Each structure stands twice: as structure tokens, then as C-alpha cells.
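Novice: Structure for this input, please:
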Amino acid sequence: MEHCLRDCEKSRCIWQILDPLLIDSFEGTPLEFWIRKVMPGNEAIVEAGLWWVWRHHCDDIFNNGDQWLNYKVVAIARITANDLRKSASTKCITFKDRRRWKPPTGDTFKVNCDASLFSDWNLAGIGCVIRNSNGYWISGCSSSYPPGPIVRCELFAIWRGLILAWDYGLRDIVCETYSLDILHILKNPANGLNCDVVDILQKIQELLSRPWVVDFEWITRDANAVADWLARYAVKTNLTHVIWSEPCDELQHLMLVDLG
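Specialist: This is a model prediction of the structure:
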């Protein structure tokens, strides 16, 4: 991993162009310690650099008929870093790298949403769960959904979660998803959208225009385990739509894991 992401000649060249200061402490420093050292103040460029260095190596292996030049890798890494900085500074979207789910504060409620797409089975499902500041179950839902682009499925899950919260009378919520693509779409709804998602996005925007407070946050996949279980359950059972007034035993176990 150290060789691939940092130490080989190709990787070193990319880092040298991105920011020469980042490679000053390469020699003999374990990768994890190096990342922890250079990350503060350089989060976006380090994250984008690691991702595109890895993609660069993958392209060499799996697509060697179309070799990427170093300047191309650096250019797209800088574009990615700039997008990350903009997203992180957006008021309504925050990024929290959590391995466990964290309860909301005060009178806020948290809505977690997820979608599962099984192309081989030609099935898709969505799951949503609402919990309060004590981590207690408020409501949840599972729905099967026509298979299609995963972005559309994820947006449908967001829409269902918002409807569930609104119908329950909640007016201050945080909506969490692990999909960065969804957060970018919600932040820039008019940029490059195709007809596959415009209708769902319009429904979400209509909900957001109502008199309530809705913030969106990114979390890790591990912290979204309850919503993921609900989405997979919808696929396994082919449920059209079901409201969970209380969690089953498996969901209770996942909730306990979330709370540590």
C-alpha cells in the first residue's frame, strides 16, 4: 500500500507536482503516520491525491491501452480537491467521518437513508430510519423500488425519509447519507442533471421549501447500518412499502452497536 499510494516513482512524481511540501517526510515514515502528519490543513488535496494516485495505478493495470499522463492525474486531483473544499464549506452540508452513528442534539431528529441495488436480481430497495437525541427509534420504512441508476435510488430514499419525518410532525431534522454524489446533487441541483433524477429532485426541493429545518450530512457506510438493513430487507422480501413502528430484534442489535 505504501508503495502504491506514495513511494513508487510514479506516485512520488504526482505528489511532487501537487505539493512538494507533502513529500518532505516520505523516507522511512509509515503511511498512516505520514497521512496523519500532512493531513491537518491539507485535507482536500491529500484525500484527492490518494484517490487519484490509486486510480492512476488501476488505469495502468486494467486499461493500459489509454495511459494517463501525470499532468492529467494532477489536474483532476486538483479539481476534486477544489470540489471537496467547496462542499465542506457549504452551510447545509457537512462531512463527518464517523465509524458509528451519533445521536442528534437537543430537539433535533436524525433521518438516515440508504438504497440497495441488486442488478443481477433486477431488484432495488430503500430504507429510512428516524431516531431522537437518545438514539431511540421513532419510525422507519422499507420500500422496494424499480431498479435503475443508483443515484436515482439514493435520491428516492432521501425523499421517502423526508416524507416520513414531515408526516410524523418533525420540524428540525438532520438527514444523513454516505453518498457524496447525492450531497453534491442536493447542493447544486441544476448542474448536469439528466432526466433520470430531475423528477425526484423536484419532489425533494418541494419538501425542503416547507417551513422546517433540514440539514444534510455525510457519514461513513458503517454508520448507516440500520438504514442499509432496511433497504436490503425490502429487496429480500419485495415489500412495496412498509412502515416500521418499532425495530425488530436485528435492528435493535444494530442500534445498540451504533450507540457503542
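Novice: got the contact list for the closest residue to residue 238 other than its chain neighbours?
Specialist: Nearest residue to residue 238, sequence neighbours excluded (Cβ to Cβ, 6 or more residues apart in numbering): residue 144, at 5.3 Å. Glycine gets a C-beta too; all of them are placed from N, C-alpha and C. Neighbouring residues of residue 144 by Cβ atoms under 8 Å, 6 or more residues apart in numbering: 123-125, 234-235, 238-241.
Novice: Count the neighbours of residue 213 for me.
Specialist: Per other Cβ atoms under 10 Å, the neighbour tally for residue 213 reads 11.
Novice: Not counting sequence-adjacent ones, nearest residue to it?
Specialist: Closest to residue 213 by Cβ to Cβ, 6+ apart is residue 172, at 4.7 Å.
Novice: Near the one you found, how many other residues are there?
Specialist: Neighbours around residue 172, by other Cβ under 10 Å: 14.
Novice: gap between it and residue 132?
Specialist: Distance, residue 172 to residue 132, by Cβ to Cβ, to the nearest Å: 11 Å.
Novice: Quick check: neighbours shared by those two?
Specialist: By Cβ under 8 Å, 6+ apart, the residues touching both residue 172 and residue 132 are residue 109.
Novice: returning to what we had before: mind picking the one among the contacts of residue 144 that's closest to residue 212?
Specialist: Residue 212 has its nearest neighbour among those in residue 241, at 22.6 Å by Cβ to Cβ.
Novice: Now do the same for the closest one: its pLDDT.
Specialist: Note on residue 241: pLDDT of 89.
Novice: Show the contacting residues for it.
Specialist: Taking Cβ under 8 Å, 6+ apart, one finds 141-144 in contact with residue 241.
Novice: remind me which residues of the stretch 151-260 of the chain are low pLDDT?
Specialist: 189-195 (pLDDT under 70).
Novice: my bad, the stretch 1-150 of the chain
Specialist: Looking at the stretch 1-150 of the chain by pLDDT under 70, you get 24-27, 87-99, 119-121.
Novice: can you pull out the helices in it?
Specialist: Here the stretch 1-150 of the chain has its helices, by DSSP state H, counting those that start in this stretch, at 2, 9-18, 31-38, 43-62, 70-89, 150-167.
Novice: Point out the most buried one among the ones you listed.
Specialist: helix 150-167 (a mean of 22; mean count of other Cβ atoms under 10 Å).
Novice: Distance from that one to the middle of the chain?
Specialist: 14 Å (Cα atoms, centre = their mean, to the nearest Å).
Novice: Going by neighbour count, which residues of the next helix or strand after that helix are buried?
Specialist: For helix 150-167, the succeeding helix or strand toward the C-terminus, using DSSP states H and E, is strand 172-177. If you call a residue buried by 16 or more other Cβ atoms under 10 Å, then strand 172-177 has these buried ones: 173-177.
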